[in-house]
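Undergrad: coordinates only, sequence not included:
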């Protein structure tokens with residue numbers, strides 16, 4: 001789910017840039033199919049790096065598809081760019097900004113920093129000497145080569161291969177790329193070609209060819225990975241700003257701790273999709289700023305489900321109003337309709353302002369929720385005052401919410417719906433036939449009851465049709481005041497789950513009522529007992545088969561417990577109070593028996 005937070009968040013951003021701001025976006029995704037971790041795990045499992053990486057890459061793409069994340073426009077893999085990587089590194093070496101040492105090649109951080117207009121560690125300057133992060137960036141399998149560097153801050157562009165590791169030829173001997181170099185080369189090659197060049201080689205002489213507008217990734221990649229990428233690319237091209245903007249996703253936490261495999265507190269995407277739909281997960285992420293830390297748990301998802309329900313009910317209510325209304329209805333604005341249209345205009349501006357303010361989706365969702373509230377209040381007012389809604393204004397509100405939900409990826413563009421979430425199916429025979437069959441059966445049952453003049457039976461058939469027949473067909477029927485009813489389309493599974501919950505709640509209330517009745521019967525039976533009989537039938541709290549007291553005085557007050565132990569002064573006082581309490585209940589009962 002940590003990956004889902006990152007890629008789903010960037011999918012939302014991509015859609016906003018394309019569909020709201022109308023930018024022509026080309027998304028290039030780089031796949032690391034070779035690094036220290038892959039090599040180590042492949043060796044442990046007795047498979048090749050290619051077999052291992054392709055397996056997990058396929059799983060990744062399937063997960064993204066299930067989450068509704070649109071595929072990239074361009075996809076690059078490290079192992080498919082080895083020639084370009086070697087040439088790219090060689091260019092940096094020839095510019096004296098990298099050096100060979102014992103078969104490996106390292107980037108000269110100090111030499112690069114001295115270049116006019118160049119700067120190292122722009123994203124996280126406070127981390128420039130963080131030894132732990134520097135070591136992590138170099139990889140676990142190359143720590144023994146640390147002594148080959150001129151400076152601890154220098155990082156590997158090319159790594160000399162050891163026994164059991166995949167190798168490629170290079171001017172410095174057999175080896176493989178460092179982690180950071182791959183992204184610089186692959187992205188630069190793609191964008192250089194998009195800018196009119198033939199390959200990444202052209203970027204070495206035309207510095208603007210390889211520049212990109214936005215670079216994305218997790219916030220933990222700021223240093224050293226992204227800082228090193230920039231340094232390499234800028235050293236290669238001579239451009240002092242390889243990336244115009246960085247978009248970093250915030251960490252996903254569980255109970256306050258970062259979600260990670262090392263802490264064993266991660267949730268797989270497939271496991272998450274078994275609990276919630278892709279739309280609900282996306283809704284959850286939309287309610288949090290993309291670059292802010294987010295705690296993932298039951299409360300977080302419960303909030304997202306509640307928000308989804310608010311919008312779903314809104315769409316259902318609007319569609320019901322629009323079905324009842326006609327274009328020939330009065331469309332002239334009164335003060336209420338005008339205020340609703342102003343609320344629509346306000347929401348349009350608020351959403352636009354929020355998305356312009358660093359892609360603030362939580363603020364956008366708040367603006368949409370405010371519009372939903374305004375629409376609901378307008379419709380409630382129409383019902384209360386018996387006014388016909390100006391349905392075009394109501395449509396405007398729902399269409400705008402739907403439009404933004406399509407932009408956010410909550411509603412697929414291919415759904416074909418103008419308003420609301422898609423329900424599935426259509427007007428095909430597979431959907432319509434079961435409904436017609438149900439209507440025919442219902443009509444026959446009602447006719448039979450009517451012929452028999454069984455009015456209560458007709459009403460029971462109507463309730464059963466609403467509660468038992470229609471939900472499995474994906475239809476919710478709601479009875480309104482004044483004898484009117486409204487139908488709404490919904491997911492049959494969702495309606496059946498609601499029905500199940502209603503039955504469980506009905507059963508719970510019935511059980512409570514039964515228990516209360518049994519308790520009352522028991523209580524009434526005890527109230528009929530005289531104080532003496534009441535005290536003599538009391539049993540032990542922990543063993544109802546044994547009587548509590550064994551001896552009593554003439555007034556019926558107990559003097560000894562079941563084990564013949566005599567009651568002390570405090571215990572006698574308590575027993576006396578209990579006896580007097582029963583005396584009052586018994587007297588009250590006797591009064592009810594008087595003629």
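TA: Received it, and whenever you're ready, just let me know what you need. Remember, predicted model here, so these are calculated numbers, not experimental data. Numbers count the residues shown, from 1 in each chain.
Undergrad: for stretch 474-488, buried residues please.
TA: Neighbour-count burial for stretch 474-488, with 16 or more other C-beta atoms under 10 Å as criterion, is recorded at 474, 475, 476, 477, 486, 488. Every residue, glycine included, has its C-beta placed from N, CA and C.
Undergrad: those: which two are farthest apart?
TA: By the measure C-beta to C-beta, 474 and 486 form the most distant pair in the buried residues of stretch 474-488, at 15.1 Å.
Undergrad: any idea which residue sits dead centre in this protein?
TA: Centroid-nearest residue in the chain: residue 281, 2.1 Å away (criterion: C-alpha atoms, centre = their mean).
Undergrad: pLDDT wise, what is that residue at?
TA: For residue 281, the model assigns a pLDDT of 95.
Undergrad: identify the residues contacting it.
TA: Contact partners of residue 281, counting by C-beta atoms under 8 Å, 6 or more residues apart in numbering, are 4, 8, 67, 272, 273, 304.
Undergrad: ok, then the element right after the one helix or strand it maps to?
TA: Element membership for residue 281 (DSSP states H and E) is helix 278-286. Sequence order places strand 294-295 as the next helix or strand after helix 278-286, per DSSP H and E.
Undergrad: who touches that following strand?
TA: Counting by C-beta under 8 Å, 6+ apart, 5, 250, 251, 252, 253, 254, 255, 256, 285, 288, 300 sit against strand 294-295.
Undergrad: ok so the fifth one is a strand residue?
TA: Yes: for residue 253, which was evaluated using DSSP: H, G, I helix; E, B strand; the rest coil, the result is membership in a strand.
Undergrad: these two touch, right, it and residue 293?
TA: Yes: at 6.0 Å, residue 253 counts as touching residue 293 under the criterion of C-beta atoms under 8 Å.
Undergrad: mind checking the longest helix of the protein?
TA: In the chain, taking DSSP state H as the definition, the longest helix is helix 492-527.
Undergrad: for that helix, which positions count as buried?
TA: Buried residues in helix 492-527 (16+ other C-beta under 10 Å): 492, 495, 526, 527.
Undergrad: including pLDDT, could the residues you listed go into TSV?
TA: What follows is the buried residues of helix 492-527, written out as TSV (pLDDT from 0 to 100):
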residue	pLDDT
492	85
495	83
526	88
527	88
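Undergrad: quick check: of these, which lies closest to residue 504?
TA: Taking C-beta to C-beta as the measure, residue 504 lies nearest residue 495 of these, at 14.9 Å.
Undergrad: which intervals of the stretch 51-200 of the chain have sub-threshold pLDDT?
TA: 139-146 (pLDDT under 70).
Undergrad: in helices only, show me the contacts of residue 281.
TA: Judged by DSSP H, helices contain the following of the contacts of residue 281: 4, 8, 272, 273, 304.
Undergrad: measure the residue lying closest to residue 253 once chain neighbours are set aside to residue 164 for me?
TA: Using C-beta to C-beta, 6 or more residues apart in numbering and skipping residues adjacent in sequence, the residue nearest residue 253 is residue 295, 4.7 Å away. From residue 295 over to residue 164 the distance is 41 Å, taken as C-beta to C-beta, to the nearest Å.
Undergrad: tell me which of these two has more neighbours.
TA: A direct count of neighbours by other C-beta atoms under 10 Å for residue 295 and residue 164 places residue 295 higher, at 15 against 10.
Undergrad: how much space between that one and residue 527?
TA: On the measure of C-beta to C-beta, residue 295 and residue 527 end up 54 Å apart.
Undergrad: now swap in residue 56 and tell me
TA: Distance from residue 56 to residue 527, by C-beta to C-beta: 72 Å.
Undergrad: repeat that for residue 500.
TA: As for residue 500, its distance to residue 527 is 40 Å (criterion: C-beta to C-beta).
Undergrad: could I get the full set of strands for the stretch 401-550 of the chain?
TA: Secondary structure of the stretch 401-550 of the chain (DSSP state E, counting those that start in this stretch): strands at 475-479, 485-489, 549-552.
Undergrad: and for the stretch 1-150 of the chain?
TA: Counting by DSSP E, counting those that start in this stretch, the stretch 1-150 of the chain has these strands, from start to end: 28-31, 74-77, 98-101, 104-107.
Undergrad: what residues does the second one touch?
TA: Outside of strand 74-77, the residues within contact range by C-beta under 8 Å, 6+ apart are 26, 27, 28, 29, 30, 31, 33, 186, 187, 189, 190.
Undergrad: the second one contacts residue 69, correct?
TA: This points to residue 27. No: the pair residue 27 / residue 69 is not scored as a contact, 10.5 Å apart, by C-beta under 8 Å.
Undergrad: between the two, which one's more packed in?
TA: Remark: of residue 27 and residue 69, residue 69 carries more neighbours, 22 against 17, as counted by other C-beta under 10 Å.
Undergrad: OK, contacts around the more buried one?
TA: 7, 8, 11.
Undergrad: the first one - how many residues pack around it?
TA: Which is residue 7. Neighbours of residue 7 (other C-beta under 10 Å): 19.
Undergrad: is it in contact with residue 64, as I believe?
TA: Yes: contact criterion C-beta under 8 Å: residue 7 and residue 64 qualify, at 6.1 Å.
Undergrad: re the thing from before, reformat the strands of the stretch 1-150 of the chain as JSON lines; add distance to residue 385 and mean neighbour count.
TA: Converted to JSON lines, the strands of the stretch 1-150 of the chain look like this (distance: least, C-beta to C-beta, whole Å; neighbours: other C-beta atoms under 10 Å):
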{"stretch": "strand 28-31", "distance to residue 385": "55", "mean neighbour count": "19"}
{"stretch": "strand 74-77", "distance to residue 385": "58", "mean neighbour count": "18"}
{"stretch": "strand 98-101", "distance to residue 385": "77", "mean neighbour count": "20"}
{"stretch": "strand 104-107", "distance to residue 385": "73", "mean neighbour count": "25"}
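Undergrad: okay, the ones you listed in a markdown table with distance to residue 88 next?
TA: Formatted as a markdown table, those follow (distance: least, C-beta to C-beta, whole Å):
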| stretch | distance to residue 88 |
| --- | --- |
| strand 28-31 | 14 |
| strand 74-77 | 13 |
| strand 98-101 | 10 |
| strand 104-107 | 11 |
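Undergrad: on that earlier part again, name the nearest of the contacts of strand 74-77 relative to residue 395.
TA: residue 27 (33.8 Å).
Undergrad: now that closest one. Nearest residue, chain neighbours left out?
TA: Per C-beta to C-beta, 6+ apart, closest to residue 27 is residue 72, 4.6 Å.
Undergrad: excluding chain neighbours, what is closest to residue 102?
TA: In space, residue 102 is closest to residue 148, 4.7 Å off (C-beta to C-beta, 6+ apart).
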